[in-house]
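> I'd like to go over a predicted model; first the sequence, then the structure.
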Amino acid sequence: MNIPYVLAVLIAGMLFGAGLTLSTMVQPEAVLQFLNFNDFGLLLVLGCATGLTMLVYQLAPKAMRRPLLALSFSGRPKQRLQQTVVGAVLFGIGWGISGVCPAPAVAGLGTGNWPLIWTLMAMFAGTYVQGRWFAR
Amino acid sequence: MDIITSLFPNGMWHYAMGGLLIGAGVSLLYLTTGLQGGASSFFSSTLSFFSRLPYFQSTSQLSSRGWRLIYALGMVLGAALIWQMAGLDIPTTELPAWQLMIGGFIAGFGARLGNGCTSGHGICGIASFDLSSVLAVVVFLSVAILTAQLMTEVLL
């Protein structure tokens, strides 16, 4: 990784983290408000983020031969349907309990929301247990 | 107007702007590096620094752990910057630690088993018209809604 590449990844992450903060998704309470149907803002967040990304993902590979700093655009990883569904069910249970998904668990630390460290450490633990005993 | 304020009691623009910023980040990553920027793989690729298990030492973990770590650092930095510069009020969460930990553990496990989270399946997957990601989003959103509402019933 050269310096422009590192900077591009860093700035991309910064935009992501700033967006999560501005949209209050780094607050578990805000996410739980959505999941309890008290505030539908999260749909706006997801819709705007996905809409913009969709334009870029669909148009960029047609408009440019390759990414600015790499050789090719990467596609989707191979999925196994059953694993994807079981994983999504578990992910939904965990997300519904804490109101924290992986990106806010990381980004939230930047806003001094320290209790999110509990979630962050637990996510590492869950990831380890999955990889240690349940990986295909 | 009343419908809008009842659906969005805290306003709309910060949600829309926040979503666009997130999309701009994921888009910039793709335009420059060609990478799809989901968040949850950060956890498994970072474990490759600490665990010798073959699963965590796979080529895909080793080759992605560098950029995923930088991406995560960027998230923390970007969150800190906008929080300070815009003077946003982000109250510290009052959820009990057990709730944050149990939820985090199950979500971490599930995201890796199912190969993605809200950003990986939700943003990158849907934007790629990946049908299994669309299915994953429908499933985890429904389950999360059920779980959160059940939690509210039980805890109150």
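Perfect, thanks for sending it.
> quick one, strands of chain A?
Along chain A, counting by DSSP state E, no stretch forms strands.
> nearest the geometric middle of it, what residue?
A:A103 (4.4 Å; C-alpha atoms, centre = their mean).
> ok, that residue to B:G87 distance?
For A:A103, the distance to B:G87 (C-beta to C-beta, to the nearest Å) stands at 23 Å. Just so you know, the C-beta spots here come from the backbone N, C-alpha and C atoms, and that holds for glycine as well.
> before we move on, back to that, surely the residue nearest to the centre of chain A and B:G122 touch.
No - A:A103 is beyond contact range of B:G122, at 10.0 Å (criterion: C-beta atoms under 8 Å).
> could I get the full set of helices for chain B?
Ranges of helices in chain B, per DSSP state H, are B:2-7, B:13-33, B:41-47, B:59-85, B:97-113, B:126-127, B:131-155.
> for A:N36, which of those helices is the nearest?
Minimum separation from A:N36 across the helices of chain B (C-beta to C-beta) falls at helix B:131-155, 5.6 Å.
> other SSEs contacting the closest one?
If contacts are counted by 3 or more C-beta pairs under 8 Å, 6 or more residues apart in numbering or on different chains; DSSP states H and E, helix B:131-155 sits against helix A:28-35, helix A:81-98, helix B:126-127.
> is chain B within reach of the second one?
It refers to helix A:81-98. Yes - contact of helix A:81-98 with chain B (C-beta under 8 Å from any C-beta of the partner chain) involves A:81, A:83-98.
> next one: that helix to chain centre, how far?
14 Å (C-alpha atoms, centre = their mean, to the nearest Å).
> what of the shortest one?
Once both centres are worked out by C-alpha atoms, centre = their mean, helix B:126-127 turns out to sit 15 Å from its chain's centre.
> repeat that for stretch B:108-125.
8 Å.
> same deal with stretch A:26-34?
Here stretch A:26-34 is found 15 Å from its chain centre; the criterion is C-alpha atoms, centre = their mean.
> one more: stretch A:58-75?
A distance of 21 Å separates the centroid of the chain from that of stretch A:58-75, by C-alpha atoms, centre = their mean.
> can you list contacts of that stretch?
A:2, A:4-5, A:8, B:30-36, B:127-129 (C-beta atoms under 8 Å, 6 or more residues apart in numbering or on different chains).
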